[in-house]
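Enquirer: A structural model of the following input is requested.
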Amino acid sequence: MSKVFTITEGLENLGALRTGGQGSVYKGRRMGPMITAVKILPTPVYAENTEDRNYRNFINEVGKLQKVNEVPNPNVVKILSSGITESGSLPYIEMEYIDGPDLCDLLQPPNDRVFTIKETIRLAYQLAGALAHCHKIGIKHGDVKSNNVKYNAQTGNYVLIDFGLAILTDEERRTSIRHAGAIEFMAPEQTDGQMLPQSDVYAYGIILYEMLTGSVPFPLTGNSETARNNVRMAHLESPVPDLRIMRQNNLPRTWTEEKRDQEMQLPHWLLTIINKCLQKDPAQRYTSGVELLDAVIEANFSGDNKSSNAAVLAENERLRKLVEQFEKEDAEKNRQLAALQTLAKETGAHFNGNKGVYERNRATIIMPKNTLGAIITVGLIFVAISLYAFFRSPASTGNVVYVPATNYLRPPYIPRQYNYDSVARAKHAALLAAKKRVWKPKKVLADSVSVAPPVKKKKRKKFLGIF
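Expert: Sure, this is the predicted structure:
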């Protein structure tokens with residue numbers, strides 16, 4: 001966390017806002033309700049006179065910076081005051097406090113990860129106007145990045161803020177650039193400590209690229225010195241990734257297909273401006289923000305015929321493809337409908353005008369061809385077997401003798417319960433029947449057999465006349 005300084009008399013320090021390689025920004029308050037932003041530079045001033053080189057350089061650069069307010073611009077932050085802090089003897093610049101998010105915040109959820117074409121064009125015009133305003137009076141910002149462009153919630157304008165790098169000397173600037181955090185926005189020549197108007201133009205192109213794709217061309221992965229060197233080399237040597245492909249891949253999934261197609265119709269003039277801003281050689285870019293603003297105005301408001309024609313042709317081509325697609329779909333639907341109508345007539349279906357549908361005739365049985373063929377085949381086989389059995393002649397039997405069938409006696413049916421008594425009675429009845437069929441001599445022989453005399457029962461005496 002940054003150290004809190006006592007700024008100066010009449011200027012209250014409300015706490016640190018952020019810290020960077022070019023110093024720290026604090027939220028301040030003038031005597032009264034006015035809220036400001038105070039940029040405190042890291043280089044101390046030991047004597048407030050021209051003999052101190054740091055103080056002399058600071059006064060010279062602040063004098064240039066004060067010209068920003070001579071002609072107010074709604075897209076440039078106002079410089080209110082400057083001086084040396086009472087604690088630490090550090091130079092500071094007091095600026096207007098812009099209440100609102102910066103461009104990085106606007107690309108974070110719940111916002112969409114990319115800007116629409118309309119909003120990007122609006123940003124392009126206002127930011128080009130801010131750079132033109134600064135370059136006209138000889139001020140090079142040197143630290144143009146998405147964090148230093150804020151959306152003013154009160155006015156609805158985009159505002160360029162934080163001119164801290166603009167008031168540093170060349171030596172201080174080179175040292176600051178080596179340790180700066182926003183290396184993704186630095187032009188190739190800034191690696192050597194140079195700061196040109198074309199450097200701001202390069203950063204302008206990076207910002208528009210980021211707004212349209214959701215990412216800078218050469219992002220920094222990690223904060224190691226190796227990663228920073230890789231980004232520096234990419235700015236010097238690597239080609240910029242295709243903007244259209246990057247935008248296509250990062251369009252929000254929540255957008256409708258129609259909006260996604262519409263948002264891919266990037267104006268030719270806008271792509272041309274971004275491409276020129278991102279040239280490696282400063283001489284191939286726009287010379288300053290003034291020339292950049294003229295190009296934007298000429299293309300956007302004066303009617304860039306080439307870009308307009310390209311946009312119209314692209315839209316016509318898109319519509320032509322849609323018409324061809326619809327015609328193919330209609331032709332296919334008509335073909336299918338004709339086939340269905342033919343099939344409906346073959347199956348005896350009729351069109352119900354009240355319901356708007358085809359209805360089949362319930363008296364007609366619709367049967368698959370395979371099933372019908374199987375039924376006919378089985379019927380023919382049955383008829384053939386019947387005819388063969390009816391008309392065939394008796395076959396020769398050879399030595400086989402046929403005997404008429406005899407009905408065999410069935411065993412008697414016993415309706416009652418089958419138990420021991422019934423079996424015994426049945427046997428007894430059988431024995432009686434057998435005796436009747438035996439020969440008479442056998443009966444005589446049986447009658448001649450002596451029978452034992454019967455035993456006479458002994459008469460029992462009664463007891464007391466009872467038993």
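Enquirer: Lys39: which element?
Expert: strand 35-40 (DSSP states H and E).
Enquirer: Parallel or antiparallel, which strands does that strand pair with?
Expert: strand 23-30 (antiparallel), strand 91-96 (antiparallel) (DSSP bridges).
Enquirer: Which of those strands has the lowest mean pLDDT?
Expert: Across the strands paired with strand 35-40, strand 23-30 has the smallest mean pLDDT, namely a mean of 66.
Enquirer: just the strands in the protein please.
Expert: 11-20, 23-30, 35-40, 79-84, 91-96, 149-151, 158-160, 350-352, 357-359 (DSSP state E).
Enquirer: Give me the neighbour count for Met82.
Expert: Wrong residue type there; residue 82 is Ser, not Met. 21 (other CB atoms under 10 Å). Where you see a C-beta, it was placed from the backbone N, CA and C, and this is true even at glycine.
Enquirer: Quick check: beta-bridge partners of it?
Expert: Bridge pairing for Ser82 (DSSP bridges) gives the partners Ile93.
Enquirer: For Leu278, which non-adjacent residue is closest in space?
Expert: Gly205 (4.3 Å; CB to CB, 6 or more residues apart in numbering).
Enquirer: which residues does the one you found contact?
Expert: If a contact means CB atoms under 8 Å, 6 or more residues apart in numbering, then Gly205 has 273-278 as its contacts.
Enquirer: Can you tell me which of those are buried?
Expert: 273-274, 277-278 (16 or more other CB atoms under 10 Å).
Enquirer: CA atoms only: put stretch 121-129 into PDB for me.
Expert: Coordinates of each C-alpha in stretch 121-129 appear next as PDB, following Å, rounded to 0.1, in the frame of the first residue of the first chain:
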ATOM      1  CA  ILE A 121     -16.200   4.600 -33.300                       C
ATOM      2  CA  ARG A 122     -17.400   7.100 -30.700                       C
ATOM      3  CA  LEU A 123     -14.400   6.300 -28.500                       C
ATOM      4  CA  ALA A 124     -12.100   6.600 -31.600                       C
ATOM      5  CA  TYR A 125     -13.400  10.100 -32.400                       C
ATOM      6  CA  GLN A 126     -13.200  11.400 -28.800                       C
ATOM      7  CA  LEU A 127      -9.700   9.900 -28.000                       C
ATOM      8  CA  ALA A 128      -8.300  11.200 -31.300                       C
ATOM      9  CA  GLY A 129      -9.700  14.600 -30.300                       C
END
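Enquirer: quick one: contacts of that stretch?
Expert: 73, 75, 103, 115, 149, 157-158, 160, 204, 207-208, 211, 267, 270, 273, 289, 292-293, 296-297, 300.
Enquirer: before we move on, back to that, tell me the pLDDT of the residue nearest to Leu278.
Expert: For Gly205, pLDDT reads 97.
Enquirer: Next: Asp242.
Expert: Asp242 is given a pLDDT of 95.
Enquirer: With adjacent residues omitted, what lies nearest to Val76?
Expert: Among residues not flanking Val76 along the chain, Ala130 sits closest, at 5.0 Å (CB to CB, 6+ apart).
Enquirer: how about the one you found, what does it touch?
Expert: Per CB under 8 Å, 6+ apart, neighbours of Ala130: 73, 75-76, 158-160, 289.
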